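*Asks:* next comes the sequence, and after it the predicted model I'd like to discuss.
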Amino acid sequence: MTTVAAKPAAKPATMAQALGRALRDAMADDPTVHVMGEDVGTLGGVFRITDGLAKEFGEDRCTDTPLAEAGILGTAVGMAMYGLRPVVEMQFDAFAYPAFEQLISHVARMRNRTRGAMPLPITVRVPYGGGIGGVEHHSDSSEAYYMATPGLTVVTPATVADAYGLLRRSIASDDPVVFLEPKRLYWAKDSWNPEAPTDVDPIGTAVVRRPGTSATLITYGPSVPVCLEAAEAARSEGWDLEVVDLRSLVPFDDATVAASVRRTGRAVVVHESGGFGGPGGEIAARVTERCFHHLEAPVLRVAGFDIPYPPPMLERHHLPGVDRVLDAVARLQWDQ
């Protein structure tokens, strides 16, 4: 009689733990994976995502860098050219701006510049968004900049399982990935088994987090829990809201989004980034182009205000919340 050992049971885990485990497993599976950034080694990163990696793999593979983001990413370009898979951590969203020249001029263009001969398998981890009481330069939603740069894949998880699975897929990609980590969800918990993580869909695949019939809430990253909460609250108004988590901003899953909007006939795009020139404008345009004859009302947006990120005491007014989402849904019903 053969006895099969039982798999460890799933238990509560945070997104931060899942991200750390993804980095650890990627480094264990592939010696070309190197982690680098400010304080990622000895300290384990500001949010402790890389805690323990330097001790396990050595400082040569989990490396503390100077406070010079352009230099960090420029070094990663050279490493990738010579066959390594660097994973770069930018401490905070707005701290990544000094590295834009490297990102736009070299990281995003190298495959095209070399006619496919030299891909750059670089993963740039960027903690982004608000909700933690951070001050200016610590709470930006900078995804629109990355989305507007051809050659970059842009990914953002909203669940523990997706944090692990999407980061593993990003590191394994032969093309550069900007991996946006919603800071306010670092400590969000879910049942998850780190010893037997469930694989996620390929990058570029959205998922319906909650089915519904009245309208579609299109969202991603830190706004997914807000939309799920709004959908539950909407039941008291007789609205049955569907919630689509994009997961990947580039490439964009037009098929899943369009199928949802065609079913419901109404759509609201929700994100923390500013409205003018923000991701919602592109998403609304794509939905309108593909679903025009199915729409019962204009596609609406609920976004952060078009201002520099406000002081911590005011961020609750700046960030899209349940009430603002429901107000937009009410406008959809009025315009039908």
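*Replies:* Nice, I can see it. Computed from a prediction, not measured in an experiment: that's the story for all the values here. Numbering: from 1, shown residues only.
*Asks:* average pLDDT for the helix ranked longest in the chain, rounded please.
*Replies:* Scanning the chain for the longest helix, with DSSP state H as the assignment, gives helix 15-29. Averaged across helix 15-29, pLDDT comes to 96.
*Asks:* who are the packing partners of the helix or strand residue 164 falls within?
*Replies:* Secondary structure assignment for residue 164, by DSSP states H and E: helix 160-172. The contact analysis (3 or more CB pairs under 8 Å, 6 or more residues apart in numbering; DSSP states H and E) places helix 160-172 against helix 15-29, strand 123-128, strand 153-155, strand 177-182, strand 189-192. Any C-beta I mention is one placed from the backbone N, CA and C, and that applies to glycine too.
*Asks:* ok, back up a step: list the contacts of the longest helix of the chain.
*Replies:* The contact list for helix 15-29 (CB atoms under 8 Å, 6 or more residues apart in numbering) reads 33-35, 47-53, 56-57, 61-62, 87, 125, 157, 159-161, 163-165, 167-168, 171-172, 181-182, 185-188, 192, 194, 197.
*Asks:* from residue 297, how far off is the nearest residue to residue 312 once chain neighbours are set aside?
*Replies:* Nearest residue to residue 312, sequence neighbours excluded (CB to CB, 6 or more residues apart in numbering): residue 133, at 4.1 Å. Separation of residue 133 from residue 297 (CB to CB, to the nearest Å) stands at 36 Å.
*Asks:* who has more neighbours, the two?
*Replies:* Using other CB atoms under 10 Å as the criterion, residue 133 and residue 297 rank with residue 297 on top: 16 against 13.
*Asks:* quick one: the more buried one is in a helix?
*Replies:* No - Residue 297: not assigned to a helix; according to DSSP: H, G, I helix; E, B strand; the rest coil it is coil.
*Asks:* that one against residue 332, yeah?
*Replies:* Yes - counting by CB atoms under 8 Å, residue 332 is a contact partner of residue 297 at 4.6 Å.
*Asks:* find the residues that touch each one of those two.
*Replies:* By CB under 8 Å, 6+ apart, residue 297 and residue 332 have these common neighbours: residue 266.
*Asks:* gap between the helix holding residue 164 and the chain center?
*Replies:* Centroid separation for helix 160-172 versus its chain: 10 Å, with CA atoms, centre = their mean, to the nearest Å.
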